[in-house]
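Participant: the following block contains a protein sequence and its predicted model.
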Amino acid sequence: MKLIIFGVGGHGRELMQIAMRANANPIGFVVDEGVDAPTKEMGFPVFRGLKQFRGNANISFVVGVGSPRARKAIAQKIEAELGAELGAGCFATLVDPSAKIGKRVSLSPGVVICVGAM
């Protein structure tokens, strides 16, 4: 499975660092079409829009936007545009290798556990 980070700001870059440490197979960032963003960030391409990911069941997303309201809207947009094709694999679970996760804890798709979390 290939990972795309939606958002290329500070939170998105932090999630890319986690993805690289966790060997989560990140391939780049994505932003909405028309958003002012670089073409590359941290050596990864910055894709424009979700249309290009249609028909690719080997992609999952993590939303790298800090605002909870914006994060929810983006997640709903991804589900609306790609959820039927990607199904349950639409969102990845991303856990930094330094995080301590309890034995009885289960993590849902889309959850992100950052550096040093217990």
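Facilitator: Sure, I can see it.

Participant: helices or strands up against the helix or strand of the chain with the lowest mean pLDDT?
Facilitator: In the chain, no helix or strand scores lower on mean pLDDT, DSSP states H and E than helix 68-86, which sits at a mean of 90. Here helix 68-86 touches strand 59-63, going by 3 or more Cβ pairs under 8 Å, 6 or more residues apart in numbering; DSSP states H and E. No exception for glycine: its C-beta is placed from N, CA and C like everyone else's.

Participant: how near is Glu85 to Val65?
Facilitator: 22 Å (Cβ to Cβ, to the nearest Å).

Participant: mind pulling up the pLDDT for the residue nearest to Leu107 when sequence neighbours are not counted?
Facilitator: Residue nearest to Leu107 in three dimensions, not counting chain neighbours: Thr93, with 4.9 Å by Cβ to Cβ, 6 or more residues apart in numbering. pLDDT, Thr93: 95.

Participant: follow-up on the earlier one: which one of Glu85 and Val65 has more residues nearby?
Facilitator: Val65 (22 against 14; other Cβ atoms under 10 Å).

Participant: what lies in contact with stretch 66-86?
Facilitator: Stretch 66-86 has contacts (Cβ atoms under 8 Å, 6 or more residues apart in numbering) with 6-7, 9-11, 50-51, 53-57, 59-61, 63, 65, 90-91, 110.

Participant: buried sites along that stretch?
Facilitator: Using 16 or more other Cβ atoms under 10 Å as the test for burial, stretch 66-86 gives 71, 74-75, 78, 81-83, 86.

Participant: can you add distance to Val30 and give these back as TSV?
Facilitator: Output for the buried residues of stretch 66-86, formatted as TSV (distance: Cβ to Cβ, whole Å):
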residue	distance to Val30
Arg71	14
Ile74	10
Ala75	13
Ile78	9
Glu81	11
Leu82	11
Gly83	15
Leu86	14
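
Participant: looking at those, spot the one nearest Glu33.
Facilitator: Glu81 (11.9 Å; Cβ to Cβ).

Participant: is it true that His11 lies in a helix?
Facilitator: Yes. Counting by DSSP: H, G, I helix; E, B strand; the rest coil, His11 falls inside a helix.

Participant: quick one: it and Val65 touch, right?
Facilitator: Yes. Between His11 and Val65 there is a contact under Cβ atoms under 8 Å: 6.0 Å.
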